[in-house]
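S.K.: Here's a sequence, model it:
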Amino acid sequence: MNRSNEKPGKENGRRYEKRSSGWKLLVLTLAALTILSACTSNKITSTEAEQGSGQKDNRDTSSNGQETGSADQEKVSPERLIDTLTNGSKEAVYNQFTPEMKQAVSLENLKSTADSFLKGVKSWKQAYRAEMNGLTEYAWTDDTGAKGIRVYYTKDQQIAGLSVVPLEAHPDTDSKLTQTEFHFPMKGDMFVFWGGQNVMANYHYEHAMQRYALDIVRTKDGASYQGDPKVNANYYAFGEPLYAAADGTVVDIKNDIEDNVPGVMNPDEAAGNYVVIDHGNKEYSITAHIKKGSVAVKKGDKVKQGDRIGDLGNSGNSSEAHLHFQVSNGPDLFTSQSLHIRWADQSQELIRGNTVQGLPE
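M.R.: As a prediction, the model looks like this:
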(Lines give C-alpha, C1' and ligand atoms only; values in the text may rest on other atoms or scores of the structure.)
Protein backbone atom coordinates (compact mmCIF):
# COMPACT_ATOMS: atom_id res chain seq x y z
CA MET A 1 0.00 0.00 0.00
CA ASN A 2 1.00 3.64 -0.04
CA ARG A 3 3.60 4.75 2.45
CA SER A 4 1.89 7.88 3.74
CA ASN A 5 -1.27 9.90 3.51
CA GLU A 6 0.21 11.74 0.56
CA LYS A 7 -0.08 10.56 -3.01
CA PRO A 8 1.89 7.30 -3.10
CA GLY A 9 4.14 5.74 -5.66
CA LYS A 10 6.22 8.81 -6.47
CA GLU A 11 9.62 7.90 -5.05
CA ASN A 12 11.25 5.95 -7.91
CA GLY A 13 14.13 7.72 -9.57
CA ARG A 14 14.03 10.44 -6.96
CA ARG A 15 16.66 11.36 -4.43
CA TYR A 16 15.50 12.05 -0.90
CA GLU A 17 17.28 12.97 2.30
CA LYS A 18 17.20 11.53 5.81
CA ARG A 19 17.74 14.89 7.50
CA SER A 20 18.31 13.36 10.91
CA SER A 21 21.39 11.53 9.68
CA GLY A 22 22.58 13.49 6.69
CA TRP A 23 22.65 10.37 4.49
CA LYS A 24 21.31 10.75 0.99
CA LEU A 25 19.70 7.70 -0.56
CA LEU A 26 19.41 7.26 -4.32
CA VAL A 27 16.82 4.92 -5.81
CA LEU A 28 17.12 4.18 -9.52
CA THR A 29 14.80 2.30 -11.83
CA LEU A 30 16.62 -0.19 -14.05
CA ALA A 31 15.14 -2.03 -17.00
CA ALA A 32 17.47 -5.01 -17.00
CA LEU A 33 16.59 -6.54 -13.63
CA THR A 34 13.24 -6.68 -11.91
CA ILE A 35 11.90 -7.30 -8.44
CA LEU A 36 8.52 -6.58 -6.94
CA SER A 37 8.15 -3.27 -5.20
CA ALA A 38 4.70 -4.01 -3.90
CA CYS A 39 2.27 -1.21 -3.07
CA THR A 40 4.89 1.47 -3.54
CA SER A 41 6.20 1.66 -7.03
CA ASN A 42 6.45 0.11 -10.43
CA LYS A 43 7.97 -3.34 -10.85
CA ILE A 44 11.60 -2.36 -10.52
CA THR A 45 15.04 -3.18 -9.39
CA SER A 46 16.01 -0.78 -6.61
CA THR A 47 19.61 0.32 -6.89
CA GLU A 48 20.14 1.95 -3.55
CA ALA A 49 23.40 3.64 -2.72
CA GLU A 50 24.96 6.80 -1.47
CA GLN A 51 25.77 9.18 -4.31
CA GLY A 52 28.88 11.32 -4.59
CA SER A 53 32.01 11.88 -6.62
CA GLY A 54 35.63 10.97 -6.39
CA GLN A 55 38.54 9.15 -8.03
CA LYS A 56 38.81 5.39 -8.18
CA ASP A 57 41.52 3.62 -6.20
CA ASN A 58 43.20 0.80 -8.17
CA ARG A 59 44.52 -1.08 -5.14
CA ASP A 60 42.95 -4.05 -3.37
CA THR A 61 43.50 -4.82 0.28
CA SER A 62 42.85 -7.83 2.44
CA SER A 63 41.05 -7.76 5.79
CA ASN A 64 44.22 -6.61 7.54
CA GLY A 65 44.59 -3.66 5.19
CA GLN A 66 47.53 -4.99 3.17
CA GLU A 67 47.56 -4.88 -0.60
CA THR A 68 46.67 -8.16 -2.30
CA GLY A 69 46.60 -7.25 -5.98
CA SER A 70 43.74 -6.90 -8.42
CA ALA A 71 40.35 -6.42 -6.80
CA ASP A 72 38.57 -8.58 -9.34
CA GLN A 73 40.56 -11.74 -8.58
CA GLU A 74 37.99 -13.00 -6.09
CA LYS A 75 34.31 -12.24 -5.78
CA VAL A 76 33.04 -10.80 -2.52
CA SER A 77 30.34 -13.22 -1.40
CA PRO A 78 27.35 -12.09 0.67
CA GLU A 79 28.92 -13.81 3.66
CA ARG A 80 32.07 -11.67 3.30
CA LEU A 81 30.42 -8.39 2.32
CA ILE A 82 30.24 -6.62 5.68
CA ASP A 83 33.71 -7.74 6.77
CA THR A 84 35.09 -6.55 3.44
CA LEU A 85 33.35 -3.18 3.78
CA THR A 86 34.63 -2.87 7.36
CA ASN A 87 38.18 -4.21 7.15
CA GLY A 88 39.00 -5.03 3.56
CA SER A 89 38.96 -3.57 0.08
CA LYS A 90 35.92 -1.50 -0.74
CA GLU A 91 37.18 -1.50 -4.30
CA ALA A 92 36.57 -5.24 -4.41
CA VAL A 93 32.95 -4.54 -3.54
CA TYR A 94 32.76 -1.67 -6.00
CA ASN A 95 34.13 -3.82 -8.82
CA GLN A 96 31.11 -6.09 -8.44
CA PHE A 97 28.65 -3.25 -8.92
CA THR A 98 26.52 -3.45 -12.05
CA PRO A 99 27.25 -0.77 -14.65
CA GLU A 100 24.12 1.09 -13.52
CA MET A 101 25.34 1.07 -9.93
CA LYS A 102 28.71 2.45 -10.96
CA GLN A 103 26.96 5.29 -12.76
CA ALA A 104 24.98 6.08 -9.61
CA VAL A 105 27.75 6.02 -7.03
CA SER A 106 31.49 6.62 -6.97
CA LEU A 107 34.09 4.49 -5.23
CA GLU A 108 35.10 7.41 -3.03
CA ASN A 109 31.54 7.90 -1.86
CA LEU A 110 31.15 4.19 -1.16
CA LYS A 111 34.28 4.37 0.97
CA SER A 112 33.22 7.45 2.93
CA THR A 113 29.67 6.22 3.48
CA ALA A 114 30.77 2.77 4.61
CA ASP A 115 33.42 4.16 6.97
CA SER A 116 30.93 6.56 8.54
CA PHE A 117 28.04 4.12 8.84
CA LEU A 118 30.05 1.13 10.06
CA LYS A 119 32.09 3.07 12.63
CA GLY A 120 31.58 1.80 16.17
CA VAL A 121 29.47 -1.21 15.24
CA LYS A 122 30.59 -4.25 17.23
CA SER A 123 28.73 -6.99 15.39
CA TRP A 124 26.14 -7.74 12.73
CA LYS A 125 23.55 -10.48 12.37
CA GLN A 126 21.67 -11.54 9.27
CA ALA A 127 18.08 -10.30 9.37
CA TYR A 128 16.69 -12.12 6.35
CA ARG A 129 17.38 -13.45 2.88
CA ALA A 130 14.88 -12.99 0.04
CA GLU A 131 15.05 -14.33 -3.52
CA MET A 132 12.76 -13.01 -6.23
CA ASN A 133 12.80 -12.80 -10.01
CA GLY A 134 16.55 -13.08 -10.56
CA LEU A 135 17.82 -11.15 -7.54
CA THR A 136 18.77 -12.34 -4.07
CA GLU A 137 18.57 -9.81 -1.26
CA TYR A 138 20.57 -10.12 1.95
CA ALA A 139 20.04 -7.90 4.98
CA TRP A 140 21.81 -7.46 8.30
CA THR A 141 21.19 -5.44 11.46
CA ASP A 142 23.80 -4.27 13.94
CA ASP A 143 24.03 -5.29 17.58
CA THR A 144 21.96 -2.31 18.73
CA GLY A 145 19.20 -2.71 16.13
CA ALA A 146 19.73 0.89 15.04
CA LYS A 147 21.46 0.25 11.72
CA GLY A 148 20.80 -2.01 8.77
CA ILE A 149 22.56 -2.96 5.54
CA ARG A 150 21.00 -4.68 2.55
CA VAL A 151 22.43 -5.77 -0.76
CA TYR A 152 20.97 -7.22 -3.95
CA TYR A 153 23.03 -9.84 -5.78
CA THR A 154 22.36 -10.97 -9.34
CA LYS A 155 22.70 -14.61 -10.35
CA ASP A 156 26.24 -13.95 -11.57
CA GLN A 157 27.20 -12.30 -8.25
CA GLN A 158 27.07 -8.71 -9.42
CA ILE A 159 25.78 -6.19 -6.89
CA ALA A 160 22.64 -4.54 -8.26
CA GLY A 161 21.75 -2.60 -5.11
CA LEU A 162 23.33 -1.63 -1.81
CA SER A 163 21.90 0.54 0.94
CA VAL A 164 22.61 1.56 4.51
CA VAL A 165 19.45 2.09 6.53
CA PRO A 166 18.92 3.83 9.88
CA LEU A 167 16.42 1.73 11.85
CA GLU A 168 13.88 2.82 14.44
CA ALA A 169 11.93 0.47 16.71
CA HIS A 170 8.45 0.94 18.14
CA PRO A 171 8.48 -1.36 21.18
CA ASP A 172 5.27 0.12 22.60
CA THR A 173 3.20 -1.30 19.74
CA ASP A 174 5.52 -4.17 18.76
CA SER A 175 4.73 -5.87 22.05
CA LYS A 176 0.93 -5.52 21.85
CA LEU A 177 -0.86 -8.24 19.89
CA THR A 178 -4.47 -8.22 18.76
CA GLN A 179 -7.04 -9.88 21.01
CA THR A 180 -8.41 -11.70 17.97
CA GLU A 181 -6.45 -14.70 16.74
CA PHE A 182 -6.13 -14.58 12.96
CA HIS A 183 -5.56 -17.32 10.40
CA PHE A 184 -3.62 -16.76 7.19
CA PRO A 185 -6.18 -15.60 4.56
CA MET A 186 -4.96 -17.79 1.67
CA LYS A 187 -4.32 -21.46 0.95
CA GLY A 188 -1.03 -23.15 0.14
CA ASP A 189 2.52 -21.85 0.39
CA MET A 190 2.89 -18.10 0.03
CA PHE A 191 5.95 -15.83 -0.03
CA VAL A 192 6.24 -12.85 2.34
CA PHE A 193 7.47 -9.99 0.21
CA TRP A 194 7.08 -7.30 2.87
CA GLY A 195 6.74 -8.23 6.53
CA GLY A 196 8.62 -7.68 9.77
CA GLN A 197 9.40 -5.13 12.43
CA ASN A 198 11.86 -2.82 10.74
CA VAL A 199 11.80 -0.77 7.54
CA MET A 200 14.23 -3.04 5.72
CA ALA A 201 12.01 -6.10 6.03
CA ASN A 202 8.76 -4.19 5.87
CA TYR A 203 8.61 -0.74 4.28
CA HIS A 204 5.15 -0.27 5.86
CA TYR A 205 6.77 -0.20 9.31
CA GLU A 206 7.72 3.45 9.08
CA HIS A 207 4.09 4.57 9.16
CA ALA A 208 1.72 3.86 12.05
CA MET A 209 -1.29 3.34 9.80
CA GLN A 210 0.37 0.36 8.06
CA ARG A 211 3.15 -0.64 10.45
CA TYR A 212 2.30 -4.37 10.67
CA ALA A 213 0.86 -4.82 7.19
CA LEU A 214 1.95 -7.70 4.98
CA ASP A 215 2.43 -7.97 1.21
CA ILE A 216 2.14 -11.54 0.01
CA VAL A 217 2.85 -13.18 -3.37
CA ARG A 218 3.05 -16.75 -4.65
CA THR A 219 6.34 -17.92 -6.12
CA LYS A 220 7.62 -20.90 -8.05
CA ASP A 221 11.34 -21.52 -8.55
CA GLY A 222 12.16 -18.07 -7.16
CA ALA A 223 9.83 -16.14 -9.49
CA SER A 224 6.40 -14.59 -9.02
CA TYR A 225 5.36 -15.03 -12.65
CA GLN A 226 6.11 -16.89 -15.86
CA GLY A 227 5.94 -15.62 -19.43
CA ASP A 228 5.03 -12.03 -20.28
CA PRO A 229 5.33 -9.90 -17.10
CA LYS A 230 2.74 -7.45 -18.45
CA VAL A 231 -0.08 -10.02 -18.22
CA ASN A 232 -1.84 -10.39 -14.85
CA ALA A 233 -2.77 -14.01 -15.50
CA ASN A 234 0.92 -14.91 -15.72
CA TYR A 235 1.40 -14.11 -12.03
CA TYR A 236 1.01 -17.16 -9.83
CA ALA A 237 -0.96 -15.23 -7.21
CA PHE A 238 -3.48 -13.65 -9.57
CA GLY A 239 -6.99 -15.02 -9.07
CA GLU A 240 -6.12 -17.03 -5.96
CA PRO A 241 -9.07 -17.22 -3.52
CA LEU A 242 -9.01 -15.06 -0.39
CA TYR A 243 -10.64 -16.04 2.90
CA ALA A 244 -11.84 -14.35 6.07
CA ALA A 245 -8.98 -14.47 8.56
CA ALA A 246 -11.35 -14.58 11.55
CA ASP A 247 -15.07 -14.40 12.35
CA GLY A 248 -16.67 -10.98 11.99
CA THR A 249 -19.01 -8.62 10.18
CA VAL A 250 -18.27 -7.04 6.82
CA VAL A 251 -18.38 -3.25 7.24
CA ASP A 252 -17.03 -2.01 3.90
CA ILE A 253 -16.19 -3.29 0.43
CA LYS A 254 -15.11 -2.01 -2.96
CA ASN A 255 -15.47 -4.16 -6.06
CA ASP A 256 -15.34 -2.00 -9.21
CA ILE A 257 -11.70 -0.89 -9.55
CA GLU A 258 -9.95 -2.16 -12.67
CA ASP A 259 -6.95 -4.43 -12.25
CA ASN A 260 -3.74 -2.74 -13.37
CA VAL A 261 -1.51 -3.74 -16.19
CA PRO A 262 1.51 -4.93 -14.15
CA GLY A 263 3.89 -2.05 -13.61
CA VAL A 264 1.21 0.63 -14.10
CA MET A 265 -0.30 1.57 -10.77
CA ASN A 266 -3.39 3.44 -9.58
CA PRO A 267 -2.40 5.71 -6.68
CA ASP A 268 -5.77 7.49 -6.74
CA GLU A 269 -7.40 4.27 -5.48
CA ALA A 270 -4.58 3.06 -3.25
CA ALA A 271 -6.34 0.01 -1.77
CA GLY A 272 -8.02 -0.95 -5.03
CA ASN A 273 -10.85 -3.38 -4.36
CA TYR A 274 -11.03 -4.42 -0.72
CA VAL A 275 -13.00 -6.05 2.09
CA VAL A 276 -13.03 -4.68 5.64
CA ILE A 277 -14.24 -6.97 8.44
CA ASP A 278 -15.06 -5.91 12.02
CA HIS A 279 -13.82 -8.61 14.40
CA GLY A 280 -14.80 -6.78 17.60
CA ASN A 281 -12.55 -5.14 20.17
CA LYS A 282 -11.84 -2.32 17.68
CA GLU A 283 -9.98 -4.75 15.40
CA TYR A 284 -10.65 -4.58 11.67
CA SER A 285 -8.97 -6.72 9.03
CA ILE A 286 -8.34 -5.01 5.69
CA THR A 287 -7.79 -7.21 2.63
CA ALA A 288 -6.74 -5.07 -0.34
CA HIS A 289 -5.85 -5.26 -4.06
CA ILE A 290 -8.69 -7.72 -4.73
CA LYS A 291 -9.55 -8.68 -8.31
CA LYS A 292 -12.28 -6.56 -9.88
CA GLY A 293 -15.74 -8.10 -9.59
CA SER A 294 -14.60 -10.99 -7.40
CA VAL A 295 -15.67 -9.69 -3.97
CA ALA A 296 -18.00 -12.40 -2.65
CA VAL A 297 -19.48 -10.59 0.37
CA LYS A 298 -21.49 -7.44 0.99
CA LYS A 299 -21.73 -4.91 3.81
CA GLY A 300 -23.51 -6.36 6.81
CA ASP A 301 -22.65 -9.99 6.05
CA LYS A 302 -21.61 -12.16 8.98
CA VAL A 303 -18.57 -14.25 8.02
CA LYS A 304 -16.79 -17.16 9.62
CA GLN A 305 -13.07 -17.74 9.51
CA GLY A 306 -12.32 -19.51 6.25
CA ASP A 307 -15.30 -18.11 4.30
CA ARG A 308 -14.28 -16.97 0.79
CA ILE A 309 -14.42 -13.18 0.47
CA GLY A 310 -12.93 -12.65 -3.01
CA ASP A 311 -9.97 -13.37 -5.28
CA LEU A 312 -6.50 -11.86 -5.23
CA GLY A 313 -5.92 -9.25 -7.92
CA ASN A 314 -3.80 -6.29 -8.95
CA SER A 315 -6.06 -3.30 -8.30
CA GLY A 316 -5.05 -0.03 -6.68
CA ASN A 317 -1.53 1.12 -5.89
CA SER A 318 -0.10 -2.25 -6.81
CA SER A 319 2.73 -3.15 -9.17
CA GLU A 320 1.81 -6.82 -9.55
CA ALA A 321 -0.70 -9.32 -8.22
CA HIS A 322 -0.28 -9.56 -4.46
CA LEU A 323 -2.23 -9.51 -1.22
CA HIS A 324 -2.04 -6.57 1.14
CA PHE A 325 -3.35 -7.64 4.55
CA GLN A 326 -3.42 -5.77 7.82
CA VAL A 327 -5.43 -5.33 10.99
CA SER A 328 -6.24 -1.81 12.19
CA ASN A 329 -8.03 -0.17 15.11
CA GLY A 330 -10.59 1.36 12.74
CA PRO A 331 -12.20 0.55 9.39
CA ASP A 332 -10.49 3.32 7.41
CA LEU A 333 -7.05 2.35 6.15
CA PHE A 334 -5.71 5.91 6.16
CA THR A 335 -7.05 7.25 9.46
CA SER A 336 -6.54 4.19 11.67
CA GLN A 337 -3.47 2.65 13.23
CA SER A 338 -2.11 -0.74 12.26
CA LEU A 339 -2.12 -3.44 14.95
CA HIS A 340 0.40 -6.20 15.50
CA ILE A 341 -1.39 -9.39 14.49
CA ARG A 342 -1.75 -12.41 16.76
CA TRP A 343 -1.58 -15.42 14.44
CA ALA A 344 -3.16 -18.77 15.20
CA ASP A 345 -0.01 -20.53 14.00
CA GLN A 346 2.68 -18.75 15.96
CA SER A 347 5.38 -21.12 14.71
CA GLN A 348 5.54 -19.28 11.38
CA GLU A 349 7.55 -16.08 11.09
CA LEU A 350 5.85 -13.72 8.66
CA ILE A 351 8.96 -11.75 7.78
CA ARG A 352 10.39 -10.77 4.42
CA GLY A 353 11.85 -13.68 2.50
CA ASN A 354 9.99 -16.44 4.34
CA THR A 355 7.59 -18.87 2.73
CA VAL A 356 4.61 -19.51 4.98
CA GLN A 357 2.00 -22.22 4.84
CA GLY A 358 -1.53 -20.92 4.49
CA LEU A 359 -4.82 -22.67 5.05
CA PRO A 360 -4.97 -26.36 4.10
CA GLU A 361 -5.75 -26.85 0.40
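S.K.: Now name the helix or strand holding residue 345.
M.R.: Using DSSP states H and E, residue 345 maps to neither a helix nor a strand.
S.K.: Check the one 5 residues further on too.
M.R.: Take DSSP H and E as the rule and residue 350 turns out to sit in neither a helix nor a strand.
S.K.: Does residue 279 touch residue 246 like I think?
M.R.: Yes. With contact defined as Cβ atoms under 8 Å, residue 279 reaches residue 246; the gap is 5.1 Å. Backbone N, C-alpha and C define where each C-beta goes, glycine included.
S.K.: which stretch of helix or strand covers residue 320?
M.R.: Judged by DSSP H and E, residue 320 forms part of no helix or strand.
S.K.: Please enumerate the shared neighbours of residue 279 and residue 246.
M.R.: 180, 285 (Cβ atoms under 8 Å, 6 or more residues apart in numbering).
S.K.: How is the nearest residue to residue 144 once chain neighbours are set aside assigned, secondary-structure-wise?
M.R.: Excluding the flanking residues, the one nearest residue 144 by Cβ to Cβ, 6 or more residues apart in numbering is residue 121, at 8.0 Å. Classification of residue 121 by DSSP: H, G, I helix; E, B strand; the rest coil places it in coil.
S.K.: List the residues that contact residue 121.
M.R.: Contacts of residue 121 (Cβ under 8 Å, 6+ apart): 86, 142, 143, 144, 147.
S.K.: among the residues you listed, which two are most distant?
M.R.: Across the contacts of residue 121, the longest distance by Cβ to Cβ is 15.7 Å; it joins 86 and 144.
S.K.: Same drill for these two, tell me which one is more crowded.
M.R.: A direct count of neighbours by other Cβ atoms under 10 Å for residue 86 and residue 144 places residue 86 higher, at 15 against 12.
S.K.: Could you work out the end-to-end span of stretch 164-183 for me?
M.R.: 34 Å (Cα to Cα, to the nearest Å).
S.K.: try stretch 297-307
M.R.: 9 Å.
S.K.: In that stretch, which residues are buried?
M.R.: 297, 301, 303, 305, 307 (16 or more other Cβ atoms under 10 Å).
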